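Q: fold the following for me, if possible:
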Amino acid sequence: MLRINRHIEIPDDEIVVSAIRARGAGGQNVNKVASAVHLRFDVRASSLPEEIKRRLLALPDRRITKDGVIVIKAGQHRSQDMNREEALRRLRSLVQRASATQRPRKPTQPTRASQQKRLDSKTRRGRTKALRRRVED
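A: Got it, this is the predicted structure:
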């Protein structure tokens with residue numbers, strides 16, 4: 001069971017984790033051992049709340065396919081267990097990002113003092129530039 005927060009949990013049977021061979025440098029260990037992890041999570045078939053599913057599918061993330069499947073590849077570590085934990089951590093952070101709601105912004109008006117301060121600084125700047133001009137006879 002992958003715990004996202006107090007209210008959201010993802011059952012283990014909804015997450016498909018498979019071991020693959022890692023890419024890149026690493027010598028004989030990379031060639032022999034399947035230490036990298038390929039994680040797949042089908043958002044549409046999951047038990048997540050509908051609102052979070054909708055937000056998750058709307059995220060501009062290249063790890064989410066058009067079919068609504070999240071594909072995460074982790075292969076930085078030498079051990080398969082550490083790569084599995086890394087992949088689950090990335091999935092957790094992705095779902096947390098989708099579950100976080102932003103408070104609506106309240107539009108405010110600039111205060112009279114801040115408007116006056118802005119105009120005063122513009123006037124000072126203009127005077128400074130005027131003093132740099134060529135002096136007429």
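
Q: contacts for stretch 77-93, please.
A: Identification of contacts with stretch 77-93 by CB atoms under 8 Å, 6 or more residues apart in numbering yields 2-4, 10, 15, 17, 19, 26, 29, 33-37, 39, 41, 70, 72-76. Glycine gets a C-beta too; all of them are placed from N, C-alpha and C.

Q: among those, which ones are buried?
A: 2, 4, 10, 15, 17, 35-37, 39, 41, 70, 72-75 (16 or more other CB atoms under 10 Å).

Q: strands - which of the contacts of stretch 77-93 land there?
A: Members of these lying in strands (criterion: DSSP state E): 2-3, 10, 15, 17, 19, 36-37, 39, 41, 70, 72-74.

Q: sorry, back to before: between the buried ones among the contacts of stretch 77-93, which is nearest P107?
A: I4 (32.5 Å; CB to CB).

Q: ok, that closest one to R21 distance?
A: Distance from I4 to R21, counting by CB to CB, to the nearest Å: 30 Å.

Q: grab the two from the buried ones among the contacts of stretch 77-93 that are most spread out in space.
A: The span of those, defined through CB to CB, is set by I4 and S35 at 26.2 Å.

Q: which residues of this structure fall in helices?
A: 28-32, 50-58, 80-99, 112-131 (DSSP state H).

Q: sweet, I'm off.
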